[in-house]
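A.B. asks: mind folding the following:
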Amino acid sequence: MNVEIKEAGDARKVALVTFESDEVTSQESQVCKQFGRMANIPGFRKGKAPEQVIRKKYSKELKEELNRKVSTTAYEAVLEHKDIRVYSILKVDAGDIEPNSPATVEVTVDVEPEFDLPAYEEFEYTIHSTEVQKEDVKKELDGLRDQRASFEEVDREVTEGDYVKCSYEGMLDGSPVSEILPDKPMYGKQSNTWEEAGQAKGMGVDGIAEGIVGMKKDEKKEVEITFEEDFELAPLAGKKVIYSIEIHEVREKKAPAADDEDFLKGMKAESLDELKEKIEADLKVRKERENVDGKRGQATQKILELPDFPLPQQAVEDESQTIFQRTVQRAAQQGAKQEEMESKRDELWKESQVQGQARVKISLVLDRIAELEKMDVTNEDLAQAATREAMMMRVDPQTYVKELSQDRARINRLRQDILHDKTLELVASKGKEKVCDIEGEHSH
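C.D. replies: The predicted structure follows:
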């Protein structure tokens, strides 16, 4: 057997595996003997039928099994070849293999490219101080008080911070928004909904919360709301919608005093000082976690900024397809029309390819670092990750783990995700830290 490697594009090679005729004959003889041991042929005891009888009765099956056996031998030889690191086998073409004749099997593979690992121990990360300020504790305490606030009905004009029961309906160019977006009622028509006056929610129609300020119970009015040009729901993007609003009830939020006995009891604290100490400790842990997450994000960006190298083409294609399909599905769920999606198809595909290339590049670098650092994934890691997934999906963990254990492909994907996560954590922990005095987001 001889293996010849040929270039076939970026990170792709074709291996020509040739077999001498005696090698093929030897494999065919083994296949025939295997069939002979299992064959039940009338007139012969099991396993005692002559070879010529076996060959005649199972000619088609023998040929198929010989092809499979030679193909397997070929791609195993490619996997073990010292000159390449196979990333994935794309195609095995054995042609028509005949006994007593030489054979050539063509194996197309994507290979792990050669690249220089970064000096990740020297990566420098920007972190923020984990020192907790008094104003941080006060803000968190006020938030906890707000969570336990009571709401008393009042007969006055709505002021910012009130909770208001109202109804509204939107009209766009004379047509009800509820008919344009029937599956998005929060943008079209609400009969009885609660709004926090003056507070944008980040979802729904923020202008409603602003428009109800100054109104009173049973009052009606119209407000004109202009949606941003890049608004996520295409039919409303850049459009002006007239909303008719009616107020049904106004409630004033009254938060308990910080030293209220019932409030402290609900927070499992004996005193206000004890509660503040608990808040400070929790905030410190949160800040430390934010620093860890920030370092992971920066480490990912530093990997992406490494000099480009050839990427396995099929891996990029598969990742790009997955990203593209999710993007299209998400846009459809948000109300994008089919014709609009078609007009942006090329643009979306290009964006998906860029993201796909980034994911594969990160994956390759993390795989190589994991190999260097001798990282591994334990059964305990797998069990914990599977349990977390089950809880996020709100399904029974034991049932989910049982189903997962029967799907080798999903287990392998989960194993790779865990390995990459652990490796990124390691990379982030090895670098140098620089404390940034300015509060805000970590740089990426």
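
A.B. asks: roughly how far apart are residue 395 and residue 315?
C.D. replies: Note on residue 395: its distance to residue 315, by CB to CB, to the nearest Å, is 30 Å. Yep, even glycine has a C-beta here, placed from its N, CA and C like the rest.

A.B. asks: more crowded one of these two?
C.D. replies: Neighbours were counted for residue 395 and for residue 315 using other CB atoms under 10 Å; residue 315 has more, 19 against 12.

A.B. asks: now do residue 183: how many residues are near it, please.
C.D. replies: Neighbours around residue 183, by other CB under 10 Å: 9.

A.B. asks: ok, the residue nearest to it when sequence neighbours are not counted to residue 187 distance?
C.D. replies: Nearest-residue entry for residue 183: residue 335, 7.4 Å, with adjacent residues in sequence omitted and distances by CB to CB, 6 or more residues apart in numbering. In this view, residue 335 and residue 187 are 9 Å apart by CB to CB.

A.B. asks: any shared contact partners between those two?
C.D. replies: Shared contacts of residue 335 and residue 187, defined by CB atoms under 8 Å, 6 or more residues apart in numbering, comprise 181, 233.

A.B. asks: neighbour-wise, which of these two wins?
C.D. replies: Set residue 335 next to residue 187 and count neighbours by other CB under 10 Å: residue 187 wins out with 25 against 19.

A.B. asks: on that earlier part again, so the residue nearest to residue 183 lies in a helix, does it not?
C.D. replies: No. Under DSSP: H, G, I helix; E, B strand; the rest coil, residue 335 falls outside any helix and is assigned coil.

A.B. asks: and the protein, what are its domains?
C.D. replies: Following automatic domain parsing, one finds the domains of the chain at 2-111, 150-254, 272-436.

A.B. asks: distance between the shortest one and the chain's centre?
C.D. replies: Between the centre of domain 150-254 and the centre of its host chain there is 33 Å, according to CA atoms, centre = their mean, to the nearest Å.

A.B. asks: give me the mean pLDDT for it.
C.D. replies: In this model, domain 150-254 has an average pLDDT of 92.

A.B. asks: now do the end-to-end distance for that domain.
C.D. replies: 5 Å (CA to CA, to the nearest Å).

A.B. asks: with the first one instead?
C.D. replies: Across domain 2-111, the terminal residues are separated by 19 Å (CA to CA).

A.B. asks: report the rounded mean pLDDT for that domain.
C.D. replies: Averaging pLDDT along domain 2-111 gives 88.

A.B. asks: in terms of helices and strands, where is the closest residue to residue 201 other than its chain neighbours?
C.D. replies: Closest residue to residue 201 apart from its sequence neighbours, by CB to CB, 6+ apart: residue 209 at 6.9 Å. Assessed by DSSP states H and E, residue 209 sits inside helix 206-211.

A.B. asks: for that helix, which outside residues touch it?
C.D. replies: Against helix 206-211 from outside (CB under 8 Å, 6+ apart): 166, 168, 195-201, 221, 223, 225, 243, 245.

A.B. asks: mind listing what's buried along that helix?
C.D. replies: 207-211 (16 or more other CB atoms under 10 Å).

A.B. asks: tell me the helix or strand right after it.
C.D. replies: Following helix 206-211 toward the C-terminus (DSSP H and E): strand 220-226.

A.B. asks: strand partners of that following strand, parallel vs antiparallel please.
C.D. replies: strand 240-254 (antiparallel) (DSSP bridges).

A.B. asks: I'd like the average pLDDT over the helix or strand following the partner strand.
C.D. replies: Toward the C-terminal end, the helix or strand that comes next after strand 240-254 (DSSP H and E) is helix 261-266. Across helix 261-266, the average pLDDT comes to 94.

A.B. asks: CA atoms of helix 261-266 as CSV?
C.D. replies: C-alpha atoms of helix 261-266 as CSV (Å, rounded to 0.1, in the frame of the first residue of the first chain):
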residue,chain,number,x,y,z
GLU,A,261,-38.3,44.8,60.1
ASP,A,262,-40.4,42.7,57.7
PHE,A,263,-38.2,43.8,54.8
LEU,A,264,-35.0,42.7,56.7
LYS,A,265,-36.7,39.4,57.7
GLY,A,266,-37.6,38.8,54.0
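
A.B. asks: touching that helix from outside, list them.
C.D. replies: Outside helix 261-266, the residues that touch it by CB under 8 Å, 6+ apart are 145, 148, 256-257, 270-272, 275.

A.B. asks: from the chain's centroid, how far away is stretch 105-113?
C.D. replies: With CA atoms, centre = their mean, you get 28 Å for stretch 105-113.

A.B. asks: kindly report the same for stretch 128-135.
C.D. replies: Distance, centroid of stretch 128-135 to centroid of chain: 32 Å (CA atoms, centre = their mean).

A.B. asks: in it, what's buried?
C.D. replies: Buried residues in stretch 128-135 (16+ other CB under 10 Å): 128, 132.

A.B. asks: and stretch 58-71, by the same measure?
C.D. replies: For stretch 58-71, using 16+ other CB under 10 Å, the buried residues are 58, 62-63, 65-67, 69-71.

A.B. asks: what do you get for stretch 87-96?
C.D. replies: Within stretch 87-96, the residues scored as buried using 16+ other CB under 10 Å are 87, 92, 94.

A.B. asks: what packs against the strand or helix carrying residue 31?
C.D. replies: Using DSSP H and E, residue 31 maps to helix 21-38. For helix 21-38, the packing partners by 3 or more CB pairs under 8 Å, 6 or more residues apart in numbering; DSSP states H and E come out as helix 51-57, helix 59-79.

A.B. asks: picking up where we left off before, tell me the one of the buried residues of stretch 58-71 nearest residue 103?
C.D. replies: Relative to residue 103, the closest of those is residue 70; by CB to CB it sits at 6.0 Å.

A.B. asks: list the contacts for the closest one?
C.D. replies: 19, 24, 27, 94, 97, 103, 105.

A.B. asks: at 6 Å what do you get?
C.D. replies: 27, 94, 97, 103 (CB atoms under 6 Å, 6 or more residues apart in numbering).

A.B. asks: just residue 89 next, same as before
C.D. replies: 75, 109.

A.B. asks: direction included, what does the host helix or strand of it pair against?
C.D. replies: Using DSSP H and E, residue 89 sits within strand 86-93. Strand 86-93 has the following strand partners under DSSP bridges: strand 103-111 (antiparallel).

A.B. asks: buried residues in the strand it pairs with?
C.D. replies: The neighbour-count check on strand 103-111 (16+ other CB under 10 Å) flags 103, 105, 107-111 as buried.

A.B. asks: same thing with stretch 21-40?
C.D. replies: 24, 27-28, 31-32, 35-36, 39.

A.B. asks: what's the answer for stretch 1-8, then?
C.D. replies: Buried, per 16+ other CB under 10 Å, within stretch 1-8: 3, 5, 8.

A.B. asks: and if you look at stretch 143-150?
C.D. replies: Of all the residues in stretch 143-150, those buried under the rule 16+ other CB under 10 Å are 144-145.
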